[in-house]
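>>> From the sequence below, what's the structure:
(4 chains)
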2 protein chains.
Amino acid sequence: MLPEERKLSILNAAKEMFAINGYHDTSISDIIKRADIARGTFYLYFKDKREIFDALFDQLLQKINESLMRVTIAPDQKPPLDQIAENLHRIFQLAMNDPELARILFRHAPGLDSITDQKIEGFYNKIASLVEGALALGEKMNIVKKGDFKLISIFITGGVKEIMDRITRPENHMPQIDKIIKELIDFNLQGLASGTADIVQTQE
Amino acid sequence: MLPEERKLSILNAAKEMFAINGYHDTSISDIIKRADIARGTFYLYFKDKREIFDALFDQLLQKINESLMRVTIAPDQKPPLDQIAENLHRIFQLAMNDPELARILFRHAPGLDSITDQKIEGFYNKIASLVEGALALGEKMNIVKKGDFKLISIFITGGVKEIMDRITRPENHMPQIDKIIKELIDFNLQGLASGTADIVQTQE
DNA sequence: TGTTAGACTGACATGTCAGTCTAATTATCT
DNA sequence: AGATAATTAGACTGACATGTCAGTCTAACA
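As a prediction, this is how the structure comes out:
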């Protein structure tokens, strides 16, 4: 087996084990058993257990980063709403294509140590600020009404995380991605209030 | 020191250590050092490390459970929107009163093992279904318009989680609780769309 | 002064697991 | 074929955390 193939196969074995059992409950023995290699072989390719975890995790963060585009209004761009829908589509699709990595991100990476936590925090902050930027842009274009965009972008980020978490579980009972995106955009734009009633005073 | 005091002091030491370093990176030695007791004393009060963690965690889940009321329209009840605001107020306040427990819930409990994960999942499912129930009620009352309530309730649950996570961090830069609740309710009801423009076709 | 209850102590036995080491095996080249 | 290099197997080591237990200490009471 070529070195490159071997490395990938070890990474893959580790990914599967980490996704199921997490970092601490996955031993080197578990990984090499699944990869069907000897102990020493593992250490030819990775310095230690932490290095292989970081390799997997960083790879995921980078993929998500690459799939998120800032929303702009350049002349060669699609409408902002389409750009948003495409962003959502890309990250949902990415997560569903590699549910094990998603499991690691959502279940097993948080709280691992302060370095990993910082990576995660910086990452979500980036997403939230991207959303915030889109809202600010929308306001400037008179599409979006005023509000605490910082707060709302955090709320939206949390909502999107939760949806991603759900659609990447083994027992995924969620609707199709496009259906989800349509529903989310509608909800975020129009809210829940029925147009026909004055909500706040309905109880009088 | 009375046994009851001692037990509380150990629980408190453990809570602080777990909140900072998580379950795996907190050793019994760390806990007893902070509680200023000998090793054996710890085992007089708790069977093992896991038992003290579960004690803390279950206590938090129960507190949150108790603070969440189902939204109804009994004659002696306040309007639904007020009930929702009060629910939000109670859980936000609860979390801020004990930020260490919140840290454990958000950072360190997920992914610990399948039993803890199931507790967490069941717990969030309960919240989501509570939200879903409120939406369904709203629809029946003609306050809320039709939609995929299951999906939306998951999204909202994620958003609320994210806000709770943020306001319970040591470096909390979020607005006041009442301000947050007002903003969230407005956003969820009315959405982002400015009333003055037709959003979807703005880019033509 | 002696006795008892029971909270508390801390040295130690036990187990686990990441990472190392060496010998054996396989592949590559001359 | 023989030499050399690359790769592999898996036994082994050492560090560290958990949980135990025989014994101490204190305060109250007889």
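
>>> Quick one: mean pLDDT over the helix ranked longest in chain A.
Looking across chain A with DSSP state H, the single longest helix is helix A:114-140. If you average the pLDDT over helix A:114-140, you get 94.

>>> Mind giving me the packing neighbours of it?
When contacts are defined as 3 or more Cβ pairs under 8 Å, 6 or more residues apart in numbering or on different chains; DSSP states H and E, helix A:114-140 sits against helix A:49-67, helix A:80-97, helix A:149-167. The C-beta positions use only the backbone N, C-alpha and C, and glycine is treated the same way.

>>> Dump those helices into CSV; add mean neighbour count, mean pLDDT and distance to B:D117 as well.
Listed next are those as CSV, based on neighbours: other Cβ atoms under 10 Å in any protein chain shown; pLDDT from 0 to 100; distance: least, Cβ to Cβ, whole Å:
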stretch, mean neighbour count, mean pLDDT, distance to B:D117
helix A:49-67, 16, 94, 19
helix A:80-97, 18, 96, 18
helix A:149-167, 22, 98, 12
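
>>> ok so, going back, tell me which residues in the longest helix of chain A are buried?
Using 16 or more other Cβ atoms under 10 Å in any protein chain shown as the burial criterion, the residues of helix A:114-140 that qualify are A:116, A:119-120, A:124, A:127-128, A:130-132, A:134-135, A:137-139.

>>> That helix vs helix B:149-167, what angle?
120 degrees (axes from the mean of the first three to the mean of the last three Cα atoms, to 10 degrees).

>>> hmm, helix A:114-140 in reach of DNA strand C?
No. Residues of helix A:114-140 contacting DNA strand C under Cβ under 7 Å from any atom of the strand: none, with a closest distance of 14.9 Å.

>>> contacting residues for A:A19?
Applying Cβ atoms under 8 Å, 6 or more residues apart in numbering or on different chains, we find A:A19 in contact with A:P99, A:E100, A:L101, A:R103, A:I104, A:H108.

>>> oh, I was asking about A:K126
Residues near A:K126 by Cβ under 8 Å, 6+ apart: A:N65.

>>> try 7 Å this time
With contact set as Cβ atoms under 7 Å, 6 or more residues apart in numbering or on different chains, A:K126 has no partners.

>>> How about A:T157?
So A:T157 contacts A:Y124, A:I127, A:A128, A:V131, B:E162 (Cβ under 7 Å, 6+ apart).

>>> among these, which two are most distant?
Greatest spacing in the contacts of A:T157, by Cβ to Cβ: A:V131 and B:E162 (11.5 Å).

>>> returning to that earlier point: would you reformat the contacts of A:T157 as a markdown table and include distance to A:D178?
Supplementary listing: the contacts of A:T157 in a markdown table, determined by distance: Cβ to Cβ, whole Å:
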| residue | distance to A:D178 |
| --- | --- |
| A:Y124 | 25 |
| A:I127 | 21 |
| A:A128 | 24 |
| A:V131 | 20 |
| B:E162 | 24 |
